[in-house]
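Trainee: quick check, what structure comes out for this input:
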Amino acid sequence: MKPLVDAHCHLDLYPDWESLAEECEANGVYTLAVTTTPRAWPKNNEVFASKKYVRAALGLHPQLVGEHWRELDLWERYLSDSRYVGEVGVDAGPRFYKSLERQKDVFKRILQACAQAGGKILSVHSVRSASIVLDMIEEHLPKDRGAVIMHWFTGTQSEARRAVELGCYFSVNEQMLRSANGAKLVRLVPIDRLLTETDGPFVQANGTPLRPIDVRRLHPALAGAIAVKADELPEMISKNLKALLAWPAPMADCRRLQGP
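Mentor: Next up, the predicted model:
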């Protein structure tokens, strides 16, 4: 069985999240378990520390910054123990616009801390804020100090090209490919910068949240969008993940997913 890749999933938001991690192990699903607040990270890290296929990412979700921005100090305290960072970024949608300036301040500090530490891999949220996010990445996170995965990217085509120029990867989910614009954006991205994700439990099928194993549902649509054979896609995505994980990680205490 070829390995699968779920580069962005909120495992700890499922009621059976610990057994779900075992499901990832049993089915060979390389899963980046993003968190929404720093307080959630220690338990995630403890549960996943012994896993081969699952890693916990240290997050401070932009949609929660308005209420949880004071946890940034806690996030900074944990950073040395995590190679993976997410979900972080900026959300300029109507519901969260009132906290936009606070979000930008928090994201700036996150990028600067990652740049100082070096060797981090970030899963970044950029709803209605792609230009803001890309400006901040360019200013505060040099290419040789951190790697960025643009999660569920919904920016313009020119913003997508700019993200590619900045060295970003893109994690694509089923919902993204349901729109013509999403499929067009995917075709702009070099094949070797693509990863797959579920963004479960937020993305659902027939009212049921997708699980990491369900990332395989995405393969036919993604293969069609980028004109490759569906049975070749898992190996291609696995190679992309391996290349990303081979990116330098100078922090000796940061555990790494062993590439496929």
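Trainee: shouldn't residue 32 be within a helix?
Mentor: No - read with DSSP: H, G, I helix; E, B strand; the rest coil, residue 32 is strand and lies in no helix.
Trainee: quick one: the strands in this structure, in order.
Mentor: Listed in chain order, the strands of the chain (DSSP state E) span 4-9, 29-34, 54-57, 84-89, 120-125, 146-151, 169-172, 194-196, 204-205, 208-209.
Trainee: between those, which gets nearest to residue 180?
Mentor: Proximity to residue 180 (C-beta to C-beta) singles out strand 169-172 among the strands of the chain, at 14.4 Å. Where you see a C-beta, it was placed from the backbone N, CA and C, and this is true even at glycine.
Trainee: show me what the closest one is packed up against.
Mentor: Counting contacts by 3 or more C-beta pairs under 8 Å, 6 or more residues apart in numbering; DSSP states H and E, strand 169-172 packs against strand 4-9, strand 146-151, helix 180-188, strand 194-196.
Trainee: partner strands of it, with direction?
Mentor: Sheet pairing here is set by DSSP bridges, and for strand 169-172 it gives strand 146-151 (parallel), strand 194-196 (parallel).
Trainee: now find how far off-centre the longest one is within its chain.
Mentor: Which is strand 146-151. 7 Å (C-alpha atoms, centre = their mean, to the nearest Å).
Trainee: with the last one instead?
Mentor: In terms of C-alpha atoms, centre = their mean, the centre of strand 194-196 is set 10 Å apart from its chain centre.
Trainee: redo the strands of the chain as a markdown table? Include mean neighbour count, distance to residue 237 and mean pLDDT.
Mentor: Output for these, formatted as a markdown table (neighbours: other C-beta atoms under 10 Å; distance: least, C-beta to C-beta, whole Å; pLDDT from 0 to 100):
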| stretch | mean neighbour count | distance to residue 237 | mean pLDDT |
| --- | --- | --- | --- |
| strand 4-9 | 29 | 5 | 98 |
| strand 29-34 | 28 | 9 | 98 |
| strand 54-57 | 27 | 16 | 98 |
| strand 84-89 | 27 | 18 | 98 |
| strand 120-125 | 26 | 15 | 98 |
| strand 146-151 | 26 | 12 | 98 |
| strand 169-172 | 26 | 10 | 98 |
| strand 194-196 | 24 | 5 | 98 |
| strand 204-205 | 14 | 20 | 95 |
| strand 208-209 | 14 | 21 | 98 |
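Trainee: sorry, back to before: now render the strands paired with strand 169-172 as a markdown table, adding distance to residue 29.
Mentor: Below are the strands paired with strand 169-172 laid out as a markdown table (distance: least, C-beta to C-beta, whole Å):
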| stretch | distance to residue 29 |
| --- | --- |
| strand 146-151 | 17 |
| strand 194-196 | 10 |
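Trainee: among the ones you listed, which comes closest to residue 217?
Mentor: strand 194-196 (9.9 Å).
Trainee: which ones are touching the closest residue to residue 145 other than its chain neighbours?
Mentor: Nearest non-adjacent residue to residue 145, counting by C-beta to C-beta, 6 or more residues apart in numbering: residue 115, 4.3 Å away. Residues near residue 115 by C-beta atoms under 8 Å, 6 or more residues apart in numbering: 140, 141, 142, 145, 146.
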